[in-house]
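J.: below is the structure, and that's it, no one-letter string:
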């Protein structure tokens with residue numbers, strides 16, 4: 001069973017994450033940040049993961065600690081659920097359209113944390129408490145905790161002459177990210193029990 005449970009407690013937040021990489025896409029999510037819950041639900045649904053997240057954070061200050069610590073705990077849970085990585089595809093990529101937006105994500109479950117993120121300037125907030133500046137930090141926090149290489153790029157953000165719709169731009173990124181992860185964690189029938197690396201370690 002490729003499952004994991006992580007609890008992360010700091011003076012700023014209390015986070016519980018449970019994940020099943022071979023689930024059916026069920027999300028049970030409560031971070032106190034509505035749009036963030038919506039994005040984590042994309043991860044569950046389009047990643048094909050069963051995902052439970054419970055976060056209590058210092059939202060009276062802002063959403064930063066809540067979102068950051070949730071991403072760290074989620075990355076740790078993802079890494080633990082992968083186990084020794086034997087038999088996985090390792091690489092995954094997806095190009096996702098969402099109306100006027102086009103986004104690409106590529107992932108390597110390499111054991112080497114590295115994150116590249118490219119998006120245009122967006123409106124500062126989506127909803128009352130989701131700062132759009134946090135999208136990059138969420139991917140960075142997850143990527144370093146999960147020990148993976150991740151590239152996320154917004155290829156097209158708006159019609160010519162129009163301002164980007166921040167909701168569409170961020171959601172397209174999470175959907176592409178989720179689909180890339182789904183492919184990378186799949187068991188490769190041509191590589192059962194083998195590590196997909198000439199080094200013999202990931």
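T.: It's in. A quick note: this is a predicted structure, and the numbers were derived from the prediction, not measured. Numbering: from 1, shown residues only.
J.: mind checking how far the nearest residue to residue 163 once chain neighbours are set aside is from residue 109?
T.: Distances taken as Cβ to Cβ, 6 or more residues apart in numbering place residue 123 nearest to residue 163, at 7.8 Å, with adjacent residues excluded. (C-beta placed from N, C-alpha, C; glycine too.) Distance, residue 123 to residue 109, by Cβ to Cβ, to the nearest Å: 33 Å.
J.: for the two, indicate the residue with more neighbours.
T.: It is residue 109, of residue 123 and residue 109, that has more neighbours when counted by other Cβ atoms under 10 Å, with 25 against 12.
J.: I'd say that one and residue 185 touch.
T.: Yes. At 7.2 Å, residue 109 counts as touching residue 185 under the criterion of Cβ atoms under 8 Å.
J.: joint contacts of the two?
T.: Common contacts of residue 109 and residue 185, defined by Cβ atoms under 8 Å, 6 or more residues apart in numbering, comprise 82, 88.
J.: now the closest residue to residue 104 other than its chain neighbours: how far from residue 14?
T.: Leaving aside its sequence neighbours, residue 104 sits nearest to residue 95 (Cβ to Cβ, 6+ apart; 4.6 Å). The gap separating residue 95 from residue 14 is 37 Å, by Cβ to Cβ.
J.: surely residue 152 is in a strand?
T.: Yes. Counting by DSSP: H, G, I helix; E, B strand; the rest coil, one finds residue 152 located in a strand.
J.: what's around it, how many residues?
T.: A count of neighbours around residue 152, defined by other Cβ under 10 Å, yields 24.
J.: how about residue 133?
T.: Counted with other Cβ under 10 Å, the neighbours of residue 133 add up to 11.
J.: where along the protein do the strands fall?
T.: For the chain, strands defined by DSSP state E occupy the ranges 3-9, 13-20, 27-30, 50-57, 91-98, 101-108, 114-118, 125-126, 130-131, 149-156.
J.: out of these, which comes closest to residue 189?
T.: Ranking the strands of the chain by distance to residue 189, with Cβ to Cβ as the measure, places strand 91-98 first at 15.6 Å.
J.: could you give the separation of that closest one from the chain centroid?
T.: Relative to its parent chain, strand 91-98 has a centroid offset of 13 Å by Cα atoms, centre = their mean, to the nearest Å.
J.: what angle separates it from strand 101-108?
T.: Per axes from the mean of the first three to the mean of the last three Cα atoms, to 10 degrees, the angle that strand 91-98 makes with strand 101-108 is 170 degrees.
J.: contacting residues around residue 79?
T.: 4, 145-147.
J.: again, only using 6 Å
T.: Neighbouring residues of residue 79 by Cβ atoms under 6 Å, 6 or more residues apart in numbering: 146-147.
J.: with that, I have no additional questions.
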